[in-house]
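Undergrad: Can you look at this prediction? I've put the sequence above it.
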Amino acid sequence: MIVTRFAPSPTGYLHVGGARTALFNWLLARKMGGKFLLRIEDTDMKRNTATAADQVLKDLKWLGIDWDEGPDIGGPNGPYHQSERRDIYDKYIQQLIDEQKAYYCFDTPEELTQLRLAAEKEKRHNIYPRPEVFPTAADVEKAKAEGRPVTVRFAIPRDETIVITDEVRGEVRIEPTELSDFIIQKSDGFPTYHMAVVIDDELMGVTHVIRGQEHLMNTPNHQLLQRALGFRIPKYAHMSVTVSDSGGKLSKRERPKTLKKELKAKPDADLQALANAGGISVEDLELFVRGKMVPDMPVIDAIAEVAGVHLPEINIVDFFRSGYIPETMVNFLAMLGWNPGDGREIMKVDELTEAFDLSRVSKSNSLFDRKKLLAFNTEHLKTEMTPLETLTKHFRAYLEENESPVASADDAMLAHLITINEGARTLEQIEQKSRFAFIADEAMEYDEKAIKKVLLKGDGLAMLKTVGEALAALEEVTAESVENLLRGLAEEKQVGLGKVAQPLRVGICGNTVSPPIFDAVQMLGMETTQKRIAQTLEKYGN
RNA sequence: GGUCCCAUCGUCUAGUCAGGCCUAGGACACCGGGUUUUCAACCCGGCAACAGGGGUUCGAAUCCCCUUGGGACUACCA
């Protein structure tokens, strides 16, 4: 049976790249009827936060990626936090030392920096100078007494060329003379990533490792470690990286970068208000704009919202908050460097699972094309693609996350909103078109441009009044009855339906974008419709 | 700088491993038209690519070499 895994280090929200890695592993496991496990790589005590780990699990769940073993559900190969597996790592590290395959080092960070600088200067590889004779336990005691850091390095066997067989790249050859003895145990006693990953993958029975290209050059190290420990060598597949359409690697730095750029372009912005929104001082904000420092992500988000700046989505939650649904994300992420080979692009999860195949993973970098993502979302938002019930669930989650007034609607109403707004590109669009019906009449937001264009030009106001009177006579308010009435009115006046519908739309919604006008009237009901028409006439009818 | 990886329309890609079916197919974007009560959606049409050079071959997008370009790595981070 095949076993795959996703092993994030909990340093923040799950981002697009991580989600793609997780998805590919998950897809392969599900396709082959294997197991998919989740492991938290929290060996770097400086970077971890507990909430970050929770958030990653939450993001995966939102995407619909489930795991058979993991930190929250346990399993036969636990624990699934690397920080809780120290005794296991220690055992193997000791084994390597005993077998003279690894050795202690006592260098200070400064000494290491010197080594690196010297190598750079001489334009050669930074290869650690392995001692002729390995330090003994007594040396360790002595170093400790002197207050020197104690680390353990793996002694790279340099007798033969290393051949990595990669499922997507084929055979990659590396000369071991290019490799430096790397640290497997840090001075704080934790194993490094290389050591922990090799041990855990072996113990957890991982058969396939799908990860980013950035790990390709780590693989020879891992393979050497596996051989030294007598472990099995899993199958590797290194995926190309995903680059951003704004150039460069898709990284979380893009959000602060964009905000900074936008803020610079608005020299008249109220810095005090923005600083308040972010909960930082004006001085800090100025430092940020000048590129001297970068505040935390929540601060960035808050400032962007107040400044009205749309930040590029990088983390999975960003897409959730922007009105994308998980079906879209899963589909789109899967197509980042993979395709089924038969021309299909818009696919459901079960179709993806069915079609997935490592041999069709692309070698070249893929670009994260937001326009295409939008098109994917438009497709998945259609009820023939995703059941209305599911869409309703997503819509509610979206509304609650964004604290929208529309959240007060019941499921039947939400489903109705989705139905009448068929063709929307995001949940955000549906929300924007719907919110007019969920706010108090007095709180109606009027779009000045719409008012000018539709009501104050020509006989817009007069038409609104006429339409209002005609509607008042309506006995039963349904989308159909309203439609009949408005069409009849347009015919009677010898004008297009637009001439009748637009003033009414602005009159009751406050802007020119709404659901179909008949549905809009029905949703509001006659009483509210009349009230809003009167209110609008009073406000703009001089 | 060194090591490794990659290279088809603006973008994602199919085709490359097993050379002829490729006057290079699809999708997104864009442009034009249609439909329409707004925004979308929808329908029809169009633009547009084998990075450059050299080989191998009857024949190359496909195989080989060089050049150029892009990327990853080069940590007591994962």
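TA: Received it, and whenever you're ready, just let me know what you need.

Undergrad: now the end-to-end length of stretch A:338-347.
TA: 13 Å (C-alpha to C-alpha, to the nearest Å).

Undergrad: Just the mean pLDDT for it, thanks.
TA: Mean pLDDT, computed over stretch A:338-347, is 91.

Undergrad: Now do the buried residues in that stretch.
TA: By 16 or more other C-beta atoms under 10 Å, the buried positions in stretch A:338-347 come out as A:338, A:339, A:340, A:346, A:347. Using the backbone N, CA and C atoms, a C-beta is placed for each residue, glycine as well.

Undergrad: got it, and stretch A:210-227?
TA: Applying 16+ other C-beta under 10 Å to stretch A:210-227 flags A:210-211, A:213, A:215-216, A:219-226 as buried.

Undergrad: Need the contact partners of it.
TA: Stretch A:210-227 has contacts (C-beta atoms under 8 Å, 6 or more residues apart in numbering) with A:4, A:17, A:21, A:24-25, A:28, A:154, A:156-157, A:162, A:164, A:166, A:169, A:172, A:174, A:176, A:179, A:182, A:184, A:194-195, A:197-198, A:202, A:231-233, A:236-241, A:358.

Undergrad: Narrow those residues to those in helices?
TA: A:17, A:21, A:24, A:25, A:28, A:194, A:195, A:197, A:198, A:202 (DSSP state H).

Undergrad: could you pick out which of the residues you listed are near RNA strand B?
TA: Contacts with RNA strand B within the ones in helices among the contacts of stretch A:210-227, as defined by C-beta under 7 Å from any atom of the strand: A:194, A:197.

Undergrad: Mind picking the lowest-pLDDT entry from the ones in helices among the contacts of stretch A:210-227?
TA: Comparing the ones in helices among the contacts of stretch A:210-227 by pLDDT, residue A:17 comes last, at 88.

Undergrad: That residue and residue A:240 touch, don't they?
TA: No: using C-beta atoms under 8 Å, residue A:17 is not in contact with residue A:240, being 10.8 Å away.

Undergrad: These two: which is more packed in?
TA: It is residue A:17, of residue A:17 and residue A:240, that has more neighbours when counted by other C-beta atoms under 10 Å, with 21 against 17.

Undergrad: Leaving out the residues flanking it, which one is nearest to the more buried one?
TA: residue A:242 (5.8 Å; C-beta to C-beta, 6 or more residues apart in numbering).

Undergrad: Please apply the same query to residue A:389.
TA: Spatially, and ignoring its direct neighbours in sequence, residue A:389 is nearest to residue A:415 (7.7 Å; C-beta to C-beta, 6+ apart).

Undergrad: try residue A:289
TA: Going by C-beta to C-beta, 6+ apart, residue A:289 has residue A:263 as its nearest residue, at 5.1 Å.

Undergrad: Measure how far the host helix or strand of that neighbour is from the centre of its chain, please.
TA: Here residue A:263 is covered by helix A:254-264, with elements defined by DSSP states H and E. In terms of C-alpha atoms, centre = their mean, to the nearest Å, the centre of helix A:254-264 is set 19 Å apart from its chain centre.

Undergrad: Go ahead and name everything in contact with it.
TA: Here helix A:254-264 makes contact (C-beta under 8 Å, 6+ apart) with A:244, A:246, A:269, A:274, A:288-289, A:291, A:294-295, A:297, A:300-301, A:303-304, A:307, A:309, A:311-312, A:314, A:318.

Undergrad: do stretch A:531-542 as well
TA: Applying C-beta under 8 Å, 6+ apart, the contact partners of stretch A:531-542 are A:441-442, A:444, A:446, A:451, A:455-456, A:461, A:464-465, A:467-468, A:471, A:504, A:506-508, A:524.

Undergrad: What subset of the residues you listed is buried?
TA: Taking 16+ other C-beta under 10 Å as the criterion, what is buried in the contacts of stretch A:531-542 is A:444, A:446, A:451, A:455, A:461, A:464-465, A:467-468, A:471, A:504, A:506-508, A:524.

Undergrad: Now narrow those to whatever sits close to RNA strand B.
TA: With the criterion set as C-beta under 7 Å from any atom of the strand, no member of the buried ones among the contacts of stretch A:531-542 is near RNA strand B.

Undergrad: Looking at those, which one is closest to residue A:375?
TA: Nearest to residue A:375 among these is residue A:506, at 29.7 Å by C-beta to C-beta.

Undergrad: Just to be sure, that closest one is in a helix?
TA: Yes: counting by DSSP: H, G, I helix; E, B strand; the rest coil, residue A:506 is located in a helix.

Undergrad: Could you verify my assumption that it touches residue A:455?
TA: Yes: counting by C-beta under 8 Å, residue A:506 touches residue A:455, with 5.7 Å between them.

Undergrad: which neighbours do these two share?
TA: Both residue A:506 and residue A:455 are in contact with A:464, A:536, where contact means C-beta under 8 Å, 6+ apart.

Undergrad: follow-up on the earlier one: how about the helix or strand where the residue nearest to residue A:389 lies, does it get close to RNA strand B?
TA: Secondary structure assignment for residue A:415, by DSSP H and E: helix A:411-420. No: Helix A:411-420 does not reach RNA strand B (C-beta under 7 Å from any atom of the strand); its nearest approach is 8.3 Å.

Undergrad: Show me what counts as buried in that helix.
TA: A:413, A:414, A:415, A:416, A:417, A:418, A:420.

Undergrad: list the contacts for the third one?
TA: Contacts for residue A:415 (C-beta under 8 Å, 6+ apart) come out as A:388, A:389, A:391, A:392.

Undergrad: Likewise for the fourth one?
TA: Counting by C-beta under 8 Å, 6+ apart, residue A:416 makes contact with nothing.

Undergrad: how close does it get to residue A:452?
TA: As judged by C-beta to C-beta, to the nearest Å, residue A:416 and residue A:452 stand 32 Å apart.

Undergrad: now swap in the fifth one and tell me
TA: According to C-beta to C-beta, residue A:417 stands 28 Å off from residue A:452.

Undergrad: Closest one of the buried residues of stretch A:210-227 to residue A:55?
TA: For those, the nearest to residue A:55 is residue A:211 (20.8 Å; C-beta to C-beta).

Undergrad: Could you list the residues of the stretch 151-300 of chain A in contact with RNA strand B?
TA: Proximity of the stretch 151-300 of chain A to RNA strand B (C-beta under 7 Å from any atom of the strand) is limited to residues A:151, A:169-170, A:172-175, A:178, A:182-183, A:186-188, A:190, A:192-194, A:197, A:213-218, A:240-241, A:243, A:245, A:248-249.

Undergrad: Can you flag the buried ones in those?
TA: Applying 16+ other C-beta under 10 Å to these flags A:151, A:169, A:172, A:174, A:182-183, A:186-187, A:190, A:192-194, A:197, A:213, A:215-216, A:240-241 as buried.

Undergrad: now, which of those residues lie within strands?
TA: Among those, the members found in strands (DSSP state E) are A:151, A:172, A:174, A:183.

Undergrad: pretty sure the second one contacts residue A:363?
TA: If I follow you right, that is residue A:172. No: Residue A:172 is beyond contact range of residue A:363, at 11.5 Å (criterion: C-beta under 8 Å).

Undergrad: how far is the longest helix anywhere in chain A from where the chain is centred?
TA: When chain A is scanned for its longest helix (criterion: DSSP H), the result is helix A:517-540. Here helix A:517-540 is found 40 Å from its chain centre; the criterion is C-alpha atoms, centre = their mean.

Undergrad: Extract the C-alpha trace of it and format it as PDB.
TA: This file holds the C-alpha atoms of helix A:517-540, laid out as PDB (Å, rounded to 0.1, in the frame of the first residue of the first chain):
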ATOM      1  CA  ILE A 517     -34.800  43.600 -10.700                       C
ATOM      2  CA  PHE A 518     -37.900  41.400 -10.500                       C
ATOM      3  CA  ASP A 519     -36.300  39.200  -7.900                       C
ATOM      4  CA  ALA A 520     -35.000  42.300  -6.100                       C
ATOM      5  CA  VAL A 521     -38.500  43.700  -5.700                       C
ATOM      6  CA  GLN A 522     -39.800  40.400  -4.500                       C
ATOM      7  CA  MET A 523     -37.100  40.000  -1.900                       C
ATOM      8  CA  LEU A 524     -37.800  43.400  -0.500                       C
ATOM      9  CA  GLY A 525     -41.600  43.100  -0.500                       C
ATOM     10  CA  MET A 526     -43.900  45.800  -1.500                       C
ATOM     11  CA  GLU A 527     -43.900  47.700   1.700                       C
ATOM     12  CA  THR A 528     -40.100  48.100   1.700                       C
ATOM     13  CA  THR A 529     -40.000  48.800  -2.000                       C
ATOM     14  CA  GLN A 530     -42.400  51.600  -1.600                       C
ATOM     15  CA  LYS A 531     -40.600  53.000   1.400                       C
ATOM     16  CA  ARG A 532     -37.300  53.000  -0.400                       C
ATOM     17  CA  ILE A 533     -38.800  54.600  -3.500                       C
ATOM     18  CA  ALA A 534     -40.300  57.400  -1.400                       C
ATOM     19  CA  GLN A 535     -37.000  57.800   0.500                       C
ATOM     20  CA  THR A 536     -35.100  58.000  -2.700                       C
ATOM     21  CA  LEU A 537     -37.500  60.500  -4.300                       C
ATOM     22  CA  GLU A 538     -37.400  62.600  -1.300                       C
ATOM     23  CA  LYS A 539     -33.600  62.600  -1.100                       C
ATOM     24  CA  TYR A 540     -32.900  63.400  -4.700                       C
END
